[in-house]
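*Asks:* sequence and predicted model, in that order:
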2 protein chains.
Amino acid sequence: MIQVYTGNGKGKTTAAMGSALRALGHGMNVCIIQFFKVKNYYGEQRIFKKFKNLKFYSFAKKHPHFYKNIKTNDIKNECRKAILRISGIIKEKKCDLLILDELNIAIRDKYIDIEKIVRLLKNKPKKMEVIITGRAAHKKIFKLADLITNMQPVKHPYYNGIKSRKGIDY
Amino acid sequence: MIQVYTGNGKGKTTAAMGSALRALGHGMNVCIIQFFKVKNYYGEQRIFKKFKNLKFYSFAKKHPHFYKNIKTNDIKNECRKAILRISGIIKEKKCDLLILDELNIAIRDKYIDIEKIVRLLKNKPKKMEVIITGRAAHKKIFKLADLITNMQPVKHPYYNGIKSRKGIDY
């Protein structure tokens, strides 16, 4: 099954990470592919190493929207590596839950070709669960998904000028 | 700050659990109070004991909607104990992140008095983060919250007759 957590509200990545915890609790193998997030910054990244059933890969750590000196070509290169990794994980068939954190952003910003990822995911083993996160999910991701939750911000403190906080937002 | 994850979509409890993971990664103290969930069934519950900074309490494990032989009075008794526990955690001031999983259901079904919980939460230490989950959040919880995400089901396989699956849904 393919699950998608999208929308502008808080809870997309944390829902994916909570799902990882749930799967690990049942002894499943979890792979996390993360885009656009610097390493050792988010609390959950520091916990990942505690679990031998969890493999964590990070690509294109800095998004040019936040880091001005990042070159498009470097991001594209990193995303190419990510696609290879995803392809490898799918072929290997050992992973029970594959989390593609912020993949929607990589697609939206054209660092990853939507056709390529759709083709890959269509060929995943039936029993492999996939979770895709990130706002602005592509309509072809919507079509592919079995479950979609739209995280709607009803109240959000960032709109009131409150900055992100350690342990809560990262 | 008080965060609320509500709505009919998947991802409310997992977002709370992912938040717990994030906070634990930064060495914070996390307390989880869970309502209406049988123990040792959900994958995440089996992982909790791995973390010495995490305290987990479970109350009113069986909701009468799913278990017909459960007495209202027993649930109310359990919820009274939960309130005492929450009150103790708030007074102790040691907890950095307090998760009240499915509290919204306990309020909706009148097992917990909304005024009592509002009074408790208004007196929480300013730096203590609280996450409340469950569909159908009370309007007074909405008012109290700093952040609310409504988890909207855009596609949901249960509507297509697919049953909940181990490691994914519990």
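*Replies:* Okay, I see it.
*Asks:* could you use CA atoms for every contact and neighbour count after this?
*Replies:* Will do.
*Asks:* which parts of chain A are strands?
*Replies:* For chain A, the strands defined by DSSP state E cover A:2-6, A:30-35, A:54-59, A:97-101, A:129-133, A:147-155.
*Asks:* for chain B, which of these is the nearest?
*Replies:* Proximity to chain B (Cα to the nearest Cα) singles out strand A:147-155 among these, at 4.7 Å.
*Asks:* okay, now the sheet partners of that closest one, with direction.
*Replies:* According to DSSP bridges, strand A:147-155 forms sheet pairs with strand A:2-6 (parallel), strand B:147-155 (antiparallel).
*Asks:* what's the most buried one of those strands?
*Replies:* Highest mean neighbour count of the strands paired with strand A:147-155: strand A:2-6, a mean of 27 (counted as mean count of other Cα atoms under 10 Å in any protein chain shown).
*Asks:* my read is that residue A:47 contacts residue B:19, right?
*Replies:* No: taking Cα atoms under 8 Å as the definition, residue A:47 is not a contact partner of residue B:19, at 12.0 Å.
*Asks:* let me have the strands paired with strand A:147-155 in JSON lines, adding distance to residue B:119 and mean pLDDT as columns.
*Replies:* Compiled in JSON lines, the strands paired with strand A:147-155 are given as follows (distance: least, Cα to Cα, whole Å; pLDDT from 0 to 100):
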{"stretch": "strand A:2-6", "distance to residue B:119": "33", "mean pLDDT": "98"}
{"stretch": "strand B:147-155", "distance to residue B:119": "18", "mean pLDDT": "96"}
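*Asks:* let's have those strands in JSON lines, adding distance to residue A:70.
*Replies:* Output for the strands paired with strand A:147-155, formatted as JSON lines (distance: least, Cα to Cα, whole Å):
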{"stretch": "strand A:2-6", "distance to residue A:70": "25"}
{"stretch": "strand B:147-155", "distance to residue A:70": "32"}
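*Asks:* so which of those is nearest residue B:131?
*Replies:* Comparing these by their distance to residue B:131 (Cα to Cα), the top pick is strand B:147-155, with 9.3 Å.
*Asks:* pull the closest one out as PDB, backbone CA atoms only.
*Replies:* Taking Å, rounded to 0.1, in the frame of the first residue of the first chain, the C-alpha atoms of strand B:147-155 are listed here in PDB:
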ATOM      1  CA  LEU B 147      -1.400  24.600  16.900                       C
ATOM      2  CA  ILE B 148      -4.200  22.500  15.400                       C
ATOM      3  CA  THR B 149      -3.800  20.200  12.400                       C
ATOM      4  CA  ASN B 150      -6.900  18.600  11.000                       C
ATOM      5  CA  MET B 151      -6.000  15.300   9.400                       C
ATOM      6  CA  GLN B 152      -8.300  15.100   6.400                       C
ATOM      7  CA  PRO B 153      -8.800  11.700   4.700                       C
ATOM      8  CA  VAL B 154      -8.500  12.400   1.000                       C
ATOM      9  CA  LYS B 155      -8.300   8.700   0.200                       C
END
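*Asks:* distance from the chain centre to that strand, please.
*Replies:* Here the centre of strand B:147-155 is set off from its chain's centre by 16 Å, with Cα atoms, centre = their mean, to the nearest Å.
*Asks:* same check, this time on stretch A:49-63
*Replies:* Put simply, stretch A:49-63 sits 10 Å off its chain's centre (Cα atoms, centre = their mean).
*Asks:* in that stretch, what's buried?
*Replies:* By neighbour count on 16 or more other Cα atoms under 10 Å in any protein chain shown, the buried set for stretch A:49-63 is A:54, A:58-60, A:62-63.
*Asks:* what sits up against it?
*Replies:* With Cα atoms under 8 Å, 6 or more residues apart in numbering or on different chains as the test, stretch A:49-63 has contacts from A:24, A:27-39, A:48, A:70, A:74-75, A:78-79, A:81-82.
*Asks:* now the buried members of these.
*Replies:* Among the contacts of stretch A:49-63, those scoring as buried are A:24, A:28-37, A:48, A:75, A:78-79, A:82 (criterion: 16+ other Cα under 10 Å).
*Asks:* which of those are close to chain B?
*Replies:* A:24, A:28 (Cα under 8 Å from any Cα of the partner chain).
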